[in-house]
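**Student:** sequence and predicted model, in that order:
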Amino acid sequence: MAVKRYKPTTNARRQSSVDTFSDVTKFEPVKSLTIFRKSTGGRNNTGKITVRHRGGGARRYTRVVDFVANKFDMPATVIAIEYDPNRGARLALLEYTDLTKTYMIAPQGLSVGDIVMSSKDLIESKTGNRMPLKHIPTGIMVHNIELKPGQGGKMVRGAGMGAQLMAIENGMATLRMPSSEIRMVLADSAATVGSVGNSDHNLIRWGKAGRTRLRGIRPTVRGKVMNPVDHPHGGGEGRNPIGMKFAKTPWGKHAHGVKTRDHKKYSSKFIVSRRANKKKK
């Protein structure tokens, strides 16, 4: 992928950049591997808004991605690299020898015509191959990592992300996550070799509100420009600070620097060291 900037013919164009889609070889998805995505507007099953600033946006279809890859020891050929509107990473369309098709997250360097395979045993550690962590050489970058064997990939699936396999010891694999956190997972958990592709995705500048609305994101109004009845930061004459020791949410709770992870969570014992600027709980 490459990022393109146009001539600044307008104020919005001056600030924005776009994806060139130079790595995409096919734009129409496979119909049998798509599901219509209904817009929720940030509401839960009772109709209450639980995630603010969601709504509208262009119509999208969910691509059914195979995060488990349980067609073991069956070669699959990459027949296309596709764009997915629901994620930053690209998708690779695979065709197995039994002519079934499926999607996988496209790693960096994977191209049309390459052969990939998933296995429970030791296979070649090349980009796109998937196997248990205990069979992958240490020092290699991996992604789409399982937390439990057979559960399907849960971690490191974003564009440009990759975790480094540090060590295998006592049935546990030690990983350095993209956040710099070091944690352990079961060595029998599977992972895909390589880093996720489309690493330039975070360089895109959306430039104007209209492009953000097409992504399904509604405007966010600052609390300090509201009235006191609407937000703890509200009130005052002209441009002024929030007038309190710490930033608050609209409901009066701490807004910044709050630890949201449950300190009793069962998996905390697998975290060797927290990410930078975070203390171990």
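**Tutor:** Looks like it arrived, so ask away. Residues are numbered from 1 along each chain as shown.
**Student:** check the spacing between Gly139 and Leu165 real quick.
**Tutor:** Note on Gly139: its distance to Leu165, by C-beta to C-beta, to the nearest Å, is 7 Å. C-beta coordinates here come from the backbone N, C-alpha and C atoms, glycine included.
**Student:** ditto for Thr46
**Tutor:** For Thr46, the distance to Leu165 equals 43 Å [C-beta to C-beta].
**Student:** more neighbours, the two?
**Tutor:** Applying other C-beta atoms under 10 Å to Thr46 and Leu165 shows that Leu165 carries more neighbours, namely 22 against 6.
**Student:** quick one, strands of the stretch 51-200 of the chain?
**Tutor:** 61-63, 76-82, 91-96, 101-105, 115-116, 130-132, 141-143, 145-146, 153-155, 163-169, 172-176, 182-186, 190-193 (DSSP state E, counting those that start in this stretch).
**Student:** nearest to Asn227, of these?
**Tutor:** Set against Asn227 and scored by C-beta to C-beta, the strands of the stretch 51-200 of the chain come closest in strand 61-63, at 40.0 Å.
**Student:** test my guess that Gly152 contacts Glu146.
**Tutor:** Yes. Checked against C-beta atoms under 8 Å, the pair Gly152 and Glu146 is within contact range at 6.4 Å.
**Student:** look at those two and report which has more neighbours.
**Tutor:** Set Gly152 next to Glu146 and count neighbours by other C-beta under 10 Å: Glu146 wins out with 22 against 15.
**Student:** partners of the more buried one in the sheet?
**Tutor:** Gly153 (DSSP bridges).
**Student:** point out where this structure drops to low pLDDT.
**Tutor:** Scanning the chain for pLDDT under 70 picks out 1, 278-281.
**Student:** that older thread, any chance of a markdown table for the strands of the stretch 51-200 of the chain, columns distance to His53?
**Tutor:** Listed next are these as a markdown table, based on distance: least, C-beta to C-beta, whole Å:
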| stretch | distance to His53 |
| --- | --- |
| strand 61-63 | 21 |
| strand 76-82 | 28 |
| strand 91-96 | 27 |
| strand 101-105 | 27 |
| strand 115-116 | 38 |
| strand 130-132 | 36 |
| strand 141-143 | 29 |
| strand 145-146 | 30 |
| strand 153-155 | 26 |
| strand 163-169 | 30 |
| strand 172-176 | 33 |
| strand 182-186 | 31 |
| strand 190-193 | 33 |
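**Student:** who wins for proximity to Ile123 among those strands?
**Tutor:** strand 130-132 (5.6 Å).
**Student:** outside of the closest one itself, list whatever touches it.
**Tutor:** Residues outside strand 130-132 that contact it (C-beta atoms under 8 Å, 6 or more residues apart in numbering): 69, 116-123, 125, 144, 149, 187-193.
**Student:** please redo it, this time with the cut-off set to 7 Å
**Tutor:** Strand 130-132 is contacted by residues 69, 118-120, 122-123, 187-192 when judged by C-beta atoms under 7 Å, 6 or more residues apart in numbering.
**Student:** what count of nearby residues applies to Leu143?
**Tutor:** Wrong residue type there; residue 143 is His, not Leu. Neighbour count of His143, defined by other C-beta under 10 Å: 26.
**Student:** quick one: it from Gly47, how far?
**Tutor:** Per C-beta to C-beta, His143 is found 37 Å from Gly47.
**Student:** pull out the buried residues from stretch 143-152.
**Tutor:** Across stretch 143-152, burial judged by 16 or more other C-beta atoms under 10 Å covers 143-146.
**Student:** no further queries at this time; thank you.
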